[in-house]
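Peer 1: Quick one: sequence plus predicted model below, questions after.
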Amino acid sequence: MSYTQVETALVYYPDVDQLDLTGYLVRGSLQLDMLDPSLFLYGGHQQLEDDQRVKWQYLGLGYHAPVDMMTEVWIGVGYDRYDSELTSWIDERSLPTFRVGIRDQYTPQAEFYATFRYMHTDEAIKGYSLGTRLSGESHRLALLLEVDYFAGQAGVLLGLSASL
């Protein structure tokens with residue numbers, strides 16, 4: 001499985017304090033083959049809006065290991081920054097973050113993944129994601145479908161994933 005990829009998606013979080021937040025996500029990762037093929041950098045930017053705006057950027061370092069020929073687990077430590085006008089959901093802050101995930105290449109055209117993220121300052125903030133990447137014969141470009149649950153709110157992502 002490649003850990004060098006770029007993804008972009010449309011994002012929708014319905015009914016966050018009676019607002020329907022819509023926006024976009026751009027994220028990616030870079031496998032650090034020159035240091036250790038198990039290491040990778042990851043990062044992303046997400047912006048959601050309705051009457052108020054929420055921006056989220058993150059950057060981190062991850063490590064992945066095989067479970068079997070089709071499945072890998074990974075862990076990551078990083079830093080997340082939130083800039084939000086919607087303080088009832090998540091206010092403006094910067095947080096160290098721990099992530100753990102699993103990826104399974106179910107078929108050559110279908111990958112499934114799950115991710116858990118944890119941030120803590122004066123309270124624990126957790127996020128969970130379940131998703132799939134569905135590709136054609138090229139295996140380089142895939143349809144991205146993801147359900148996310150973050151800080152008590154559910155959202156969906158629909159986009160494209162490119163493995164480089």
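Peer 2: Good, I have the coordinates.
Peer 1: any idea whether residue 29 is helix, strand or coil?
Peer 2: strand (DSSP: H, G, I helix; E, B strand; the rest coil).
Peer 1: okay, now the residue nearest to it when sequence neighbours are not counted: neighbour count?
Peer 2: The shortest distance from residue 29 to any non-neighbouring residue, by C-beta to C-beta, 6 or more residues apart in numbering, is to residue 42 (4.2 Å). Glycine gets a C-beta too; all of them are placed from N, C-alpha and C. Using other C-beta atoms under 10 Å, the number of residues around residue 42 comes to 19.
Peer 1: Can you pull the poorly scored residue ranges out of the protein?
Peer 2: 87-92 (pLDDT under 70).
Peer 1: circling back to that earlier point, quick check, the residue nearest to residue 29 in contact with residue 32.
Peer 2: No - between residue 42 and residue 32 there is no contact under C-beta atoms under 8 Å: 10.9 Å.
Peer 1: Do I have it right that residue 133 meets residue 140?
Peer 2: No - using C-beta under 8 Å, residue 133 is not in contact with residue 140, being 11.0 Å away.
Peer 1: circling back: and for residue 42 and residue 32, which residues touch both?
Peer 2: Here residue 42 and residue 32 have no joint contacts, going by C-beta atoms under 8 Å, 6 or more residues apart in numbering.
Peer 1: Show the contacting residues for residue 43.
Peer 2: Residue 43 neighbours (C-beta under 8 Å, 6+ apart): 27-29, 57-60, 78.
Peer 1: All the strands of this structure, in order from the start?
Peer 2: Taking DSSP state E as the criterion, the chain contains strands spanning 5-16, 19-31, 39-49, 53-66, 71-84, 93-107, 110-120, 124-135, 141-150, 153-163.
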